[in-house]
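Undergrad: Here is a sequence together with a model predicted from it:
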Amino acid sequence: MSAHDWFVEHRMDYVARTLEESELRTFQDHLARCPECAGEVASIERDLAWLPMGAAPVALRPGLSRRLAEGVLETRGRRWMRRAMPAAMAASLLLGAAGWLAGRLETERLARELQERDRRLAALTDTVSITRGADRVLQASIDMDGREGGILIFDDSATHRWNVVIHGLPPAPAGQVYRFWFICEEKMVPGAEVSAGANPALFTLPMPPEGGKVMGAALTVESLATPPMEPRGRTLAELML
Amino acid sequence: MTPTRRRAGHEARSSPRGSIWAAGGEDLRARLVARDERALAELIDVASPWLLGIAQGMLQDPVEAEEVVLEVMTIAWNRIELVGAEGSALMPWLLRVTRNRTIDRLRARRRRGSALAAASADPGIVRHVEDESRIDEAGAPGWHVHRSVHAALDSLPEDQRTAVRLAYFEGLTHSEIAERLAIPLGTVKTRLRLGFGRLRVSLAPIKDWVL
Ligand SMILES: [Zn+2]
């Protein structure tokens, strides 16, 4: 039995969500980079799209419709999402044109392309060793108080992780901190606090265990006083897969 | 929500509920994208009873179930540009996210060591999802889909149906089902695989219905 057979066997269990937590993480990691499993999972989801309607409907308590509508329209996250989503989609289109979906570029060639594509990223040549195994690279520029920086994400199929490089960030304003977020299908999931002390800042993140499919990433500057549950501060960069 | 078929070549079912249902989900989605708050109210009216049914069936807590529905509706409203953008219909997306979020809460509750949901406490007893003080309007939007899904579930052999209900409608994992039914883990997996496999086949004809 090959290692992949386990994933093939558990596709239905993933859709049904009967996997144990650790198995779920393993499966999600795999799903992010296996088109075959992703395709089959999507197909199962389509076939079973209406299965949740096997649960009988519940009559809404009096006034619940109105409370739901008011609740939705008053959500605090609304401001950020409304602003971020169209921008993120535009960024996605731009990345589609300007970025590249490398198959498995060799390190040297990738390094050369990086330099050719954007001189501002030249400072990163010493970090290019992390691109080994990256089968997808995302990039975006960061504008922070007139200083131009950049963010690169190397999607590493060997480790099932994202290697993230952020450069050109000035020290965070007093009382604030840079935060990296996963943009997931269902919500924003905190990724990491980014230290501007190291330049470039390098860190490695596993795929988030919650929030659904990872659709992109964002960098924001947040108040230190805010618990890192959802982005409230200014968005410096967004990348969509 | 009398479903309409999306693909050309299939005659759209006539809708007793007016143009919004006959037009399918694309029209409603377009109005949501345009930030039409009346469209939000319509979505809440038609979808909430079903979403609440999923959440309440698993959580056994009306207040928490309503919180889940509010979360899901908020995501749909705030991210409507992405919802259904890849050809997936709006209602299946809402159903899926509701179920996922409900299971997230169930698992979190169990991690915190709370007792399993009251209705799940009796070993061997599988509560029928339809047996409580629930809507009983055969004319309710979506009822037709509900009946089709029920027919598919009812056609499963008893042991598979029981496993599927515990897994899909009560949110239990493989090991929790094994414990509940006092059967080996491998048997649970086999029953679920057979049961879901049959459901895939029997539900495939309705998969392209849209809200
Ligand atoms: Zn695979």
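TA: Yep, it's here.
Undergrad: List the buried residues of stretch B:156-176.
TA: Buried residues in stretch B:156-176, counting neighbours by 16 or more other CB atoms under 10 Å in any protein chain shown, are found at B:156, B:160-174, B:176. To be clear about C-beta, it is placed using only N, CA and C from the backbone, and glycine gets the same treatment.
Undergrad: outside of stretch B:58-70, which residues touch it?
TA: The contact list for stretch B:58-70 (CB atoms under 8 Å, 6 or more residues apart in numbering or on different chains) reads A:58, A:61, A:64, A:68, A:71-72, B:48, B:51-52, B:55-56, B:98, B:101-103, B:105-106, B:117-120, B:169-171.
Undergrad: Can I get it as CSV, trimmed to CA atoms?
TA: The C-alpha coordinates for stretch B:58-70 follow below in CSV (Å, rounded to 0.1, in the frame of the first residue of the first chain):
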residue,chain,number,x,y,z
MET,B,58,-25.9,18.3,16.3
LEU,B,59,-25.5,20.9,19.0
GLN,B,60,-28.9,20.3,20.8
ASP,B,61,-28.7,23.9,21.8
PRO,B,62,-31.0,26.4,20.1
VAL,B,63,-29.0,29.5,21.1
GLU,B,64,-25.7,28.1,20.0
ALA,B,65,-27.3,26.9,16.8
GLU,B,66,-28.6,30.4,16.1
GLU,B,67,-25.1,31.7,16.7
VAL,B,68,-23.8,29.3,14.0
VAL,B,69,-26.4,30.5,11.5
LEU,B,70,-25.5,34.1,12.2
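Undergrad: what about it, distance to the chain center?
TA: Centroid separation between stretch B:58-70 and its chain, computed with CA atoms, centre = their mean, to the nearest Å, is 14 Å.
Undergrad: Please point out which parts of it sit buried.
TA: Neighbour counts over stretch B:58-70 (16+ other CB under 10 Å) mark B:Met58, B:Leu59, B:Gln60, B:Asp61, B:Glu64, B:Ala65, B:Glu66, B:Glu67, B:Val68, B:Val69, B:Leu70 as buried.
Undergrad: Make TSV out of the residues you listed and add pLDDT, secondary structure and distance to A:Trp162.
TA: What follows is the buried residues of stretch B:58-70, written out as TSV (pLDDT from 0 to 100; DSSP: H, G, I helix; E, B strand; the rest coil; distance: CB to CB, whole Å):
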residue	pLDDT	secondary structure	distance to A:Trp162
B:Met58	95	helix	32
B:Leu59	95	helix	33
B:Gln60	92	coil	38
B:Asp61	93	coil	36
B:Glu64	94	helix	33
B:Ala65	96	helix	35
B:Glu66	95	helix	36
B:Glu67	95	helix	31
B:Val68	96	helix	29
B:Val69	97	helix	32
B:Leu70	96	helix	31
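Undergrad: Pick out the most distant pair among those.
TA: Farthest pair in the buried residues of stretch B:58-70 (CB to CB) is B:Gln60 and B:Leu70. Separation: 18.0 Å.
Undergrad: what residues are up against A:Trp162?
TA: Residues in contact with A:Trp162 (CB under 8 Å, 6+ apart) are A:Ile153, A:Phe154, A:Asp155, A:Asp156, A:Thr204, A:Leu205, A:Met207, A:Ala217.
Undergrad: swap that for A:Ile142, sorry
TA: Contacts of A:Ile142 by CB under 8 Å, 6+ apart are A:Glu148, A:Gly149, A:Gly150, A:Ile151, A:Ile166, A:Gly168, A:Leu169, A:Leu219, A:Leu236, A:Ala237.
Undergrad: Now do the same for it: helix, strand or coil?
TA: strand (DSSP: H, G, I helix; E, B strand; the rest coil).
Undergrad: which residue packs closest to it, ignoring adjacent ones?
TA: A:Gly149 (4.1 Å; CB to CB, 6 or more residues apart in numbering or on different chains).
Undergrad: tally of neighbours for that neighbour?
TA: Counted with other CB atoms under 10 Å in any protein chain shown, residues neighbouring A:Gly149 total 24.
Undergrad: surely it meets A:Gly168?
TA: Yes. Between A:Gly149 and A:Gly168 there is a contact under CB atoms under 8 Å: 2.4 Å.
Undergrad: Quick check: residues of chain A near the ion?
TA: Chain A comes close to the ion at residues A:Phe7, A:Cys34, A:Cys37, as judged by CB under 5 Å from the ion.
Undergrad: ok, 8 Å please
TA: Residues of chain A lying near the ion by CB under 8 Å from the ion: A:His4, A:Phe7, A:Val8, A:His30, A:Leu31, A:Cys34, A:Glu36, A:Cys37, A:Ala38.
Undergrad: contacting residues for the nearest residue to the third one once chain neighbours are set aside?
TA: Setting aside the residues directly before and after it, A:Val8 is nearest to A:Cys37 in space (CB to CB, 6+ apart), at 7.3 Å. Taking CB under 8 Å, 6+ apart as the contact definition, A:Cys37 lies against A:Phe7, A:Val8, A:Arg11, A:His30, A:Leu31.
Undergrad: hmm, try it at 10 Å
TA: Contacts for A:Cys37 (CB atoms under 10 Å, 6 or more residues apart in numbering or on different chains) come out as A:His4, A:Phe7, A:Val8, A:His10, A:Arg11, A:Tyr14, A:Phe27, A:His30, A:Leu31.
Undergrad: Now which of these would you call buried?
TA: When the contacts of A:Cys37 are checked for burial by 16+ other CB under 10 Å, the buried set is A:Phe7, A:His10, A:Arg11, A:Tyr14, A:Phe27, A:His30, A:Leu31.
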